[in-house]
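K.L.:
Everything below, folded, please.
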Amino acid sequence: MHIKAGLKKEYLLFSRTFKLWGILIAFMAFAIVDPLLFKALEVFAESMGSDVNAGELVAQSMGAVEFSAGIGVMGALSDITASGSLIMLLLMMATAGGEQKKRSVIIPSCAGLTPMNYTLPKFIIYPVLIIIITFGATLISGVASILLFGGQLDWLAVVGAAGLGALYMAFIVTAMLMMGICTGRGGISAAVIYVLSSLLPIILSGFKADRYNPFALKTMALGVPIGEEIDNLNLIGSIAITVILMLIFFFVTLFVQNAKKIDNEGNEAAL
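P.N.:
Residues are numbered from 1 along each chain as shown. Okay, here's the model as predicted:
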């Protein structure tokens, strides 16, 4: 019963504030605007009037053979997993850490919610909703790309890219929840997670260790819509490691919550 109450609490906090709508608006904007921008870029490249096919050169610089619906999906998913993740982290600062600073974490504790009943709903509601929103936005980008570019679109590849991108975003959410809840510093946690998610892929690539990790999911997701082949071993390994890390994040958070004691004396709650 307490788990159900926790799920309801987290969903209401997410849906009845600007958090949910802000993420929805941002992700859907990327899904529609990016294909439009790529279409405008194609028109501009083709209007240069050169003997060289400028459109193909621009497309090849992005890793594609030519401008197509797939490149629109790739662009939208790239922005969702980059700029979209920053927006998501900023909007979730109060969720991951804000409750400790506002002392509202005391209320569910006094109501009988155990650390498990308090923590588990967060690790269910937010990753699941982010997966649904990311997956849906990617599919919408596919529809928009088809309408703009015409031709054929490998919907199986789009669904695969949407799934990989959604799992990557869920990983970012769970990392944010772990750091924010454990430290009680939502803003700092958002900054640290975003910086690490931007720098770690570069560092791992420099050490030739850019496989079998959550960031490989993002790389594969961006390549699938434009026809890049996937190493199945890397795919399975990266998914497995990502899921394992997400579970570790949850259990670390639960352990820290169990170890904390609320000191309700003074002006602020010491956790």
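K.L.:
So, low pLDDT: which residues of this structure?
P.N.:
Across the chain, the ranges flagged by pLDDT under 70 are 1, 45-46, 48-67, 97-113, 261-271.
K.L.:
What is the longest helix of it by residue count?
P.N.:
When every helix of the chain is counted residue by residue (DSSP state H), the longest turns out to be helix 115-149.
K.L.:
how about that one: buried residues?
P.N.:
Going by neighbour count (16 or more other C-beta atoms under 10 Å), the buried part of helix 115-149 is 115, 117-127, 129-131, 133-146, 148-149. Where you see a C-beta, it was placed from the backbone N, CA and C, and this is true even at glycine.
K.L.:
got the CA positions of stretch 178-185 in PDB?
P.N.:
Presented in PDB, the C-alpha positions along stretch 178-185 are these (Å, rounded to 0.1, in the frame of the first residue of the first chain):
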ATOM      1  CA  MET A 178      21.200   8.600  -6.900                       C
ATOM      2  CA  MET A 179      23.500  11.500  -6.600                       C
ATOM      3  CA  GLY A 180      20.800  14.000  -5.700                       C
ATOM      4  CA  ILE A 181      19.000  11.900  -3.100                       C
ATOM      5  CA  CYS A 182      22.300  10.800  -1.500                       C
ATOM      6  CA  THR A 183      23.800  14.200  -1.300                       C
ATOM      7  CA  GLY A 184      20.600  16.400  -0.900                       C
ATOM      8  CA  ARG A 185      22.100  18.700  -3.500                       C
END
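K.L.:
Run through the neighbouring helices and strands of the longest helix of the chain.
P.N.:
Under the contact definition 3 or more C-beta pairs under 8 Å, 6 or more residues apart in numbering; DSSP states H and E, helix 115-149 sits against helix 2-15, helix 18-46, helix 69-81, helix 106-110, helix 155-183, helix 232-259.
K.L.:
Pick the most buried one from these.
P.N.:
Neighbour counts averaged per stretch over the helices and strands packed on helix 115-149 are highest for helix 69-81, at a mean of 28; criterion: mean count of other C-beta atoms under 10 Å.
K.L.:
Tell me how far the nearest residue to residue 238 once chain neighbours are set aside lies from residue 234.
P.N.:
Leaving aside its sequence neighbours, residue 238 sits nearest to residue 216 (C-beta to C-beta, 6 or more residues apart in numbering; 4.3 Å). When distances are taken as C-beta to C-beta, to the nearest Å, residue 216 and residue 234 turn out to be 6 Å apart.
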